[in-house]
Every structure is written in C-alpha cells, then in structure tokens.
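Asks: I would like to see how this sequence folds:
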Amino acid sequence: MSALYPWQQPLWHQLQGYIQQQRIPQGLLLTGYAGQGKRQLAEHYAAALICEQPDANSFACGQCSACHLFQAQTHPDFLLVEPDEAGKAIGIDKIRQLTVKLALKPQFEQYRVVIFDPADALNTASANGFLKCLEEPTERTCFILIAEQANKLPATIRSRCQKIHCAVPDKQQAINWLATQGVKQNAETLLKMAQGSPLLALQYQQQGAIELRQRYFQQWLQIAAGKAHWLEVAEQWQKTEPLETSVLLTWLSSWLVDLIKLAQAATVNDLLNPDLASDLQRLLVKLDLKALYAYYDKVLISRAQLSTQLNKQLLIESLLIDWSQLSQP
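Replies: Residues are numbered from 1 along each chain as shown. Below is the predicted model of the structure:
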C-alpha cells in the first residue's frame with residue numbers, strides 16, 4: 001500500500017494506540033470533507049488489523065499471507081460495503097448479505113474488518129439493519145464507517161462508534177504536498193475551491209477546474225445581467241460540460257457565501273473565491289440581501305437532495321430561474 005499522507009500522521013497515532021493497547025473499537029467513524037484520503041486511512045487501519053505481523057508502528061507488514069490476500073482484494077475477512085453506483089443509496093439487500101457473512105466466524109485468527117464507504121449513503125431501512133449488527137457484535141469484527149455528512153447517520157449508529165474527525169491540513173502543509181505533485185501554480189486558489197482538501201485540489205488541477213469554474217461563473221453573471229437565458233445555460237451545464245452536479249452546487253453556494261460576506265464588509269482574503277472578488281462586488285450592488293439569503297438556503301437544500309431520485313436537470317433549471325428573477329431589477 002502507498003504511504004499515508006503527511007497530514008494523516010496524527011490520526012494514525014490515534015489508530016496505532018487502539019492497536020497497541022488492544023482496544024479495538026467495534027465501530028469507527030471517520031468524518032471530514034472529501035479529498036483528504038479517508039478511504040486510504042481506513043484501508044491502512046484495516047490492513048493492520050488483518051496483518052499477521054504488524055511492524056513497530058502498527059503498519060501491516062505487507063509480506064504475510066494475510067497481507068498478500070488483502071493486497072489482492074481477496075481476503076475473506078475484509079468486506080467492503082458501498083453503493084452499486086456512485087451517488088446511489090446503500091440498500092437493505094447489501095445489509096442482508098453482510099449479515100449472512102457475519103454469522104460465520106472469521107476465517108483467519110486476526111480481525112474481520114468491514115468498511116462502509118460512504119456510510120452516509122445508508123438509507124433508513126439499511127441503517128436500521130446495520131444497527132442490529134452494531135448492537136449484537138460478532139466475534140473479532142470491526143466496522144469502519146467513512147462519511148462526509150455524518151449527521152445523515154442515525155444518532156443510534158453514531159453513538160456506538162468511536163469518532164475520528166479528519167480535519168483539513170494546515171494550508172502550508174497542503175501547498176507543500178501539492179508542490180511535490182507538480183502543482184506549483186494556483187495552489188492556493190485550488191485549495192480554496194477544494195475547501196482545503198489537498199487530494200481534491202490536485203484533482204481540480206488535473207481537470208482544469210479553475211478555467212471551468214471561471215466559464216460557469218461568467219455564464220452565471222450573464223444570466224444576472226440579462227445577457228443569457230437560464231434555459232440555455234442549464235442545458236449546457238447539464239449536457240455539454242463534464243462536471244458533477246454536486247461540484248456545481250458547491251461552487252454556486254461558494255459564490256453566494258462570498259456575496260453575503262462582501263455585504264458584511266469582509267476582505268478579499270476572507271472569501272472562498274478571492275479571484276472573483278471584483279465581479280462579485282459589482283454584482284452585489286443589484287441584489288437584495290434578504291432574497292439572497294433565501295436563495296442560498298434553496299441551494300443548500302438542493303445539495304442535500306442530490307442523493308435522492310430527483311431530476312438534476314429540473315433542479316438546475318429551477319435554481320437558475322430563481323437566480324434570473326433574483327438578479328433582475
């Protein structure tokens with residue numbers, strides 16, 4: 001396995017303590033923004049629990065038969081529960097299949113590890129089914145839940161898990177790491193766009209996201225100026241541009257946050273999009289602040305609904321219709 005990221009060392013010390021003290025939590029909940037390597041951290045921990053001879057720092061040895069099976073993704077005591085498609089829910093059938101497997105004893109002498117990624121994709125039925133697994137733990141089994149929005153999980157599940165929050169790293173540490181990956185220009189802007197998450201910032205750089213965001217932003221401004229029709233923009237955003245709706249709504253909400261900050265006399269350095277400050281400041285003059293708050297609330301609600309079966313095209317059209325009305329005198 002590849003090495004842990006530099007910002008994960010303090011988190012590993014905590015996990016290492018569980019292993020060395022032989023106090024392995026039945027449930028472990030890893031939370032935090034996307035783009036920080038939570039899945040990789042979880043897999044390192046899982047490998048260490050499965051390994052027959054971990055090293056002095058509790059890392060998997062990588063040489064034993066258990067490690068070889070883990071690396072080949074064929075270890076019978078390592079289970080991964082995830083949606084069939086990205087953005088979809090983890091259904092009750094997945095939990096029923098898991099329950100059948102957990103009824104059997106682990107095949108090796110070490111731990112059996114089950115990773116849920118993302119755990120916040122559990123729907124009501126599957127969450128209730130999984131709760132029974134936590135309430136009636138099986139022999140030498142550890143559940144690792146990975147979630148960006150842990151509040152989506154029932155309190156009954158959260159309360160039964162040891163929580164580790166993966167905070168975004170120090171900005172300079174993130175910039176230094178990005179430099180090692182060849183990102184030496186626009187690193188701060190990329191980090192702002194990625195809410196401080198280095199892996200997401202690297203992905204944005206590889207996708208040319210700064211230029212893409214600028215194009216989306218200018219089209220958004222053109223709707224406000226009456227120079228572009230909301231329907232044409234909505235169709236282009238959904239059909240011709242390679243951008244996930246979740247990313248689009250994240251950018252849109254960040255522009256609105258910056259407008260609200262500027263209305264409160266914030267400085268450019270306080271903004272999520274400092275490079276867009278001048279355009280945002282000119283736009284603010286023609287907006288009603290109370291209506292802006294209401295529109296921001298709608299965008300947040302729309303983001304929360306992305307995991308449901310809504311029509312994303314209609315969602316974007318609805319948001320742009322409201323924006324065109326909000327920004328007209």
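
Asks: show me where the stretch 1-150 of the chain has strands.
Replies: For the stretch 1-150 of the chain, the strands defined by DSSP state E, counting those that start in this stretch cover 27-31, 78-81, 112-116, 141-147.

Asks: wait, what's in contact with the closest residue to residue 233 other than its chain neighbours?
Replies: On the basis of C-beta to C-beta, 6 or more residues apart in numbering, the spatially nearest residue to residue 233 that is not a chain neighbour turns out to be residue 219, at 5.0 Å. Where C-beta positions appear, they are placed from N, C-alpha and C, glycine not excepted. Counting by C-beta atoms under 8 Å, 6 or more residues apart in numbering, residue 219 touches 228, 233, 236-237.

Asks: tabulate the residues you listed (CSV), appending distance to residue 58, pLDDT and neighbour count.
Replies: Formatted as CSV, the contacts of residue 219 follow (distance: C-beta to C-beta, whole Å; pLDDT from 0 to 100; neighbours: other C-beta atoms under 10 Å):
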residue, distance to residue 58, pLDDT, neighbour count
228, 56, 93, 18
233, 52, 93, 20
236, 51, 86, 14
237, 47, 86, 20
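
Asks: what is the nearest of those to residue 178?
Replies: Using C-beta to C-beta, residue 237 comes nearest to residue 178 of the contacts of residue 219, at 27.8 Å.

Asks: for the closest one, pull up the helix or strand it's in.
Replies: Using DSSP states H and E, residue 237 maps to helix 230-239.

Asks: contacts for stretch 280-287, please.
Replies: Contacts for stretch 280-287 (C-beta under 8 Å, 6+ apart): 221, 224, 255, 258-259, 262-263, 271, 273, 326-327, 329.

Asks: among these, show me the least confident.
Replies: Minimum pLDDT across the contacts of stretch 280-287 is recorded for residue 329, with 61.

Asks: about what we covered before: can I get the strands of the stretch 1-150 of the chain in JSON lines including distance to residue 124, mean pLDDT and mean neighbour count?
Replies: Formatted as JSON lines, those follow (distance: least, C-beta to C-beta, whole Å; pLDDT from 0 to 100; neighbours: other C-beta atoms under 10 Å):
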{"stretch": "strand 27-31", "distance to residue 124": "18", "mean pLDDT": "96", "mean neighbour count": "23"}
{"stretch": "strand 78-81", "distance to residue 124": "16", "mean pLDDT": "96", "mean neighbour count": "18"}
{"stretch": "strand 112-116", "distance to residue 124": "15", "mean pLDDT": "97", "mean neighbour count": "25"}
{"stretch": "strand 141-147", "distance to residue 124": "16", "mean pLDDT": "96", "mean neighbour count": "24"}
